[in-house]
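Undergrad: sequence first, predicted coordinates after that:
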Amino acid sequence: MKQLFYPIWKNKNLKIVLPLTPVLSPTEGIHFLIFHKTIQAPFWKINTLTPIIECSNLALNLAWMITKNGFIPDFWANIQWNAHHPFNRGVNILGRNPLSRTWGEPVNFPKKLPEVKYSQEWLLKLKKTCNKYINFWKKSLPCFLLFSGGIKNFPQGSQEFLEAEKIFNFNKTPKKKKDVLWVNEKFILTIPRMPHLTGFHFQIFPYLKYWNKIGGFRSPWQLPKDINSTQSHFQIQGFLEMTAILFGVIKILLKERGLNFYNPEIHFSGNWNKDLLLKEKGGKLSLDFNKNIKKKNVVQQIKIIEKEKKKYAINGPDEFRTVGHGHLYATFSPKKFVKLPRRPIEIMPSEWKKIISLRRKKINLLRKLLQKNLTCWLKNNSNS
């Protein structure tokens with residue numbers, strides 16, 4: 001039988017593998033996949049939250065490693081629960097290489113996946129690197145209790161809910177307006193008026209009224225080198241709670257007859273953040289480092305890449321300042337999968353022409369369903 005994955009690391013529940021037919025070519029970014037022994041079907045079919053959270057915690061570890069380590073040339077990472085078989089039984093961690101043509105684009109699954117052969121020497125080094133970071137992560141972090149202070153949601157019509165609606169609608173362009181569905185003290189769940197596909201598109205954002213008091217909320221893998229700090233712990237717990245909320249939305253909507261909610265995907269990406277653009281296009285990214293590494297040996301190249309990554313890390317001179325948020329997508333048909341525009345509408349308007357927004361009646365139904373069920377689902381399924 002043809003080998004599909006190369007094993008990188010495992011414990012009694014979790015396994016990290018490297019797909020031998022990855023979604024991205026190695027020049028575009030590394031592709032890790034994390035499996036959990038209890039997830040033996042598409043992830044949205046399991047009934048317990050725990051394996052989703054365990055996979056997500058390890059995925060954040062790998063994404064953080066990608067942004068720090070010079071052995072891996074990628075500067076950014078996406079964490080995605082995708083719907084395509086066989087990648088739908090675990091969480092995908094997708095490195096993003098700033099030198100590739102797909103930098104800054106969402107990861108859409110190609111029709112034919114590239115077959116890759118990695119050298120044994122490189123694979124052994126990758127294993128060693130992963131073990132080092134995973135051991136450090138495990139020693140540094142506590143066991144997180146989701147919503148340890150309670151869900152603390154705000155019902156529709158409350159002052160906090162109205163404040164959240166103002167954030168996404170007052171003095172906003174049509175492109176940036178969103179319908180607020182559910183709010184708690186930490187997060188705001190919305191539907192954008194201009195979705196990224198014809199289908200379901202939810203976005204979850206930090207409620208900055210809460211997060212600004214404790215240092216803000218960044219893209220999940222934008223953690224300082226010393227992750228053993230109170231702020232880092234808040235950030236990691238927040239990412240896991242965001243994931244729990246989006247998974248709860250999936251489980252609630254899958255039960256609703258006639259909604260036509262298929263092939264859901266959860267994405268944490270930040271692909272279109274302006275800071276990731278080249279400096280000449282108004283961003284912070286410089287590719288000058290690439291000129292310096294071509295004639296260097298491997299050890300020197302690793303040091304140059306690590307030094308360059310520090311420029312964009314927290315407190316670096318060109319720090320990528322991104323507000324962490326998540327996306328939940330789903331299609332209207334079991335035969336269709338999520339496919340996103342490659343660039344924002346102002347850059348590639350042709351890819352947005354056929355996208356149709358949800359009707360107001362359906363948005364109101366979704367708000368009603370989530371107002372009624374989401375808080376209860378989280379209480380019953382998290383370890384609060």
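TA: Right, received. Where do you want to start? Everything numeric here is computed off the predicted structure, so don't read it as measured data.

Undergrad: lowest-confidence helix or strand of the protein?
TA: In the chain, no helix or strand scores lower on mean pLDDT, DSSP states H and E than helix 289-293, which sits at a mean of 85.

Undergrad: for it, C-alpha coordinates in CSV please.
TA: What follows is helix 289-293, C-alpha atoms only, in CSV (Å, rounded to 0.1, in the frame of the first residue of the first chain):
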residue,chain,number,x,y,z
PHE,A,289,17.6,38.7,3.0
ASN,A,290,17.2,36.2,0.1
LYS,A,291,20.2,37.9,-1.7
ASN,A,292,22.4,37.1,1.3
ILE,A,293,21.7,33.4,1.6
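
Undergrad: contacts for that helix?
TA: With contact meaning CB atoms under 8 Å, 6 or more residues apart in numbering, helix 289-293 is reached by 99, 300-301, 304-305, 308. From N, CA and C alone the C-beta is placed, and that goes for glycine too.

Undergrad: show me which of those is closest to Thr129.
TA: Minimum separation from Thr129 among the contacts of helix 289-293 (CB to CB) is found for Ile305, which lies at 12.8 Å.

Undergrad: all strands of the stretch 51-200 of the chain, in order?
TA: 76-81, 90-96, 153-154, 178-184, 187-192, 200-206 (DSSP state E, counting those that start in this stretch).

Undergrad: for Thr331, list the residues it contacts.
TA: Contacts of Thr331 by CB under 8 Å, 6+ apart are 197, 199-200, 262-263, 337-338.

Undergrad: repeat that for Arg101.
TA: Arg101 makes contact with Glu28, according to CB under 8 Å, 6+ apart.

Undergrad: count of neighbours near the closest residue to Ser333 other than its chain neighbours?
TA: If the residues on either side of it in the chain are set aside, Ser333 comes closest to Tyr262, at 6.0 Å by CB to CB, 6 or more residues apart in numbering. By the other CB atoms under 10 Å criterion, the neighbourhood of Tyr262 contains 19 residues.

Undergrad: on that earlier part again, among the contacts of helix 289-293, who's most crowded?
TA: Counting neighbours by other CB under 10 Å, the top entry in those is Glu308, with 23 neighbours.

Undergrad: what about the closest residue to that residue other than its chain neighbours, neighbour count?
TA: Excluding the flanking residues, the one nearest Glu308 by CB to CB, 6+ apart is Phe289, at 4.5 Å. The local packing of Phe289 (other CB under 10 Å) involves 16 other residues.

Undergrad: ok, Phe289 to Gly70 distance?
TA: Phe289 is 11 Å from Gly70, where distance means CB to CB, to the nearest Å.

Undergrad: now do Gly270
TA: Here the criterion is CB to CB. By it, Gly270 lies 22 Å from Gly70.

Undergrad: repeat that for Lys303.
TA: From Lys303 across to Gly70, the span is 6 Å (CB to CB).

Undergrad: show me whatever sits in contact with both of the two.
TA: Common neighbours of Lys303 and Gly70, using CB under 8 Å, 6+ apart, do not exist here.
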